[in-house]
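Trainee: I'd like to go over a predicted model; first the sequence, then the structure.
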Amino acid sequence: MFKPISYIGMIFVLLVLLFISRPASAAVYTYDALNRLTSVTYQNGQKIVYTYDPGGNMLSVSHHSSPDTTPPTVKNTDPVDGATNVSVSASVYVAFSETVVEDVYFEDINIRNTNDNSVVNYIYSINGDTLILDPVNDFSSSVTYAVYVPAGAVKDSAGNSLENDYIFSFTTGELASGFTVTTPNGGEDWTAGATKEITWTYAGAGCDSDVRISLYKGGVFQYVIVSSVLPESGSYSWTIPASQAAGDDYQIRITRNADTGVYDYSDASFTINALQ
């Protein structure tokens, strides 16, 4: 009487048919002492393993994938390579093609100021497939930074290391100043030899160092009026040189000494008349 084939038996029959249909060169077959098929290994690394009970009945069929030999690669970054006007308080993100952990050259990862080659101190973390670099201090404004991730800096769960160095760069934007020139701010009519108050408002943030005040004419730097003054003072008494050339295209610029990317100009030109 016909007996229905078991589920495992059906799998076995299908696998046998599959093996028969494959060319002999496509797989390697192994057998035990009783000439029972114990494994089939294909050229792509896939492997099927068979086990039997003492009575010769097949117990299980298991599939084994080929070992992971694919190294992680950089998928994207934030900021992107070549980005401009990046916030000075930005963090740097490097996303990989898979989950990664630290590898032997992890400590060689660095962020450098391309102006002076100084290294940025940062705190790092890895969240799955993403490396996060948080600078300890804000970046300088209007500066290009290069991020270097060396080969061997990270690896995947199978131990495959990042194979190639990865370098990208970005440029920070101007930092909003903590002060605004209020006098002269356009339209004033001053005279050489007179003493006038240069004034500004001070918000604190973005200007935590002394500032210098400079004179510009027609957008061209003339000279530094005062090289250092505390920004919170809000004013400076300037005795205009008696020999100052007359002109209606003067402006004042206040600049943070610790970071020349932080500054403010008079909104419009003012006039200096010749001494009579």
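Mentor: Looks like it arrived, so ask away.
Trainee: In a helix, Ala258, correct?
Mentor: No: Ala258 is assigned coil when assessed by DSSP: H, G, I helix; E, B strand; the rest coil, not a helix.
Trainee: what's the neighbour count on it?
Mentor: 12 (other C-beta atoms under 10 Å). Heads up, the C-betas are built off the backbone N, CA and C, glycines and all.
Trainee: Please apply the same query to Asn35.
Mentor: 6.
Trainee: Helix, strand or coil: sort out it for me.
Mentor: Asn35 is classified as coil under three-state DSSP.
Trainee: how about the strands of the stretch 101-250 of the chain, start to end?
Mentor: 101-102, 110-113, 122-127, 130-135, 144-149, 154-155, 166-172, 179-183, 189-191, 195-202, 211-217, 220-229, 235-239, 247-256 (DSSP state E, counting those that start in this stretch).
Trainee: Next, count neighbours for the nearest residue to Ala90 once chain neighbours are set aside.
Mentor: Closest residue in space to Ala90, ignoring its immediate chain neighbours: Pro79 at 6.5 Å, by C-beta to C-beta, 6 or more residues apart in numbering. By the criterion of other C-beta under 10 Å, Pro79 has 21 neighbours.
Trainee: Phe270 too?
Mentor: As a burial measure, Phe270 scores 20 neighbours (other C-beta under 10 Å).
Trainee: and it, what is it in contact with?
Mentor: The contact partners of Phe270, taken as C-beta atoms under 8 Å, 6 or more residues apart in numbering, are Pro184, Asn185, Gly186, Gly187, Glu188, Asp189, Trp190, Asp248, Tyr250, Gln251.
Trainee: Filter the residues you listed down to the buried ones and express that as a PyMOL selection.
Mentor: Typed into PyMOL, the line below selects the buried ones among the contacts of Phe270, using 16 or more other C-beta atoms under 10 Å:
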select buried, resi 184+185+188+190+250+251
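Trainee: which one among the contacts of Phe270 gets closest to Thr70?
Mentor: Gln251 (59.8 Å; C-beta to C-beta).
Trainee: Correct me if wrong: the closest one contacts Asp264.
Mentor: No: the pair Gln251 / Asp264 is not scored as a contact, 10.3 Å apart, by C-beta atoms under 8 Å.
Trainee: what stretches of the stretch 151-276 of the chain score poorly on pLDDT?
Mentor: 175-178, 203-209 (pLDDT under 70).
Trainee: Quick one: neighbours of Ser118, just the number.
Mentor: Around Ser118 there are 11 other residues, counting by other C-beta under 10 Å.
Trainee: now swap in Ile167 and tell me
Mentor: Ile167 has 11 nearby residues by other C-beta under 10 Å.
Trainee: Let the chain start at 360 from now.
Mentor: Sure thing, new numbering starts at 360, so read that last one as Ile526.
Trainee: which residues does it contact?
Mentor: So Ile526 contacts Ala505, Val506, Tyr507, Val508 (C-beta under 8 Å, 6+ apart).
Trainee: out of the residues you listed, which is most surrounded?
Mentor: Val508 (24 neighbours).
Trainee: list the contacts for that one?
Mentor: Val433, Val453, Ile468, Leu490, Leu521, Asp524, Tyr525, Ile526.
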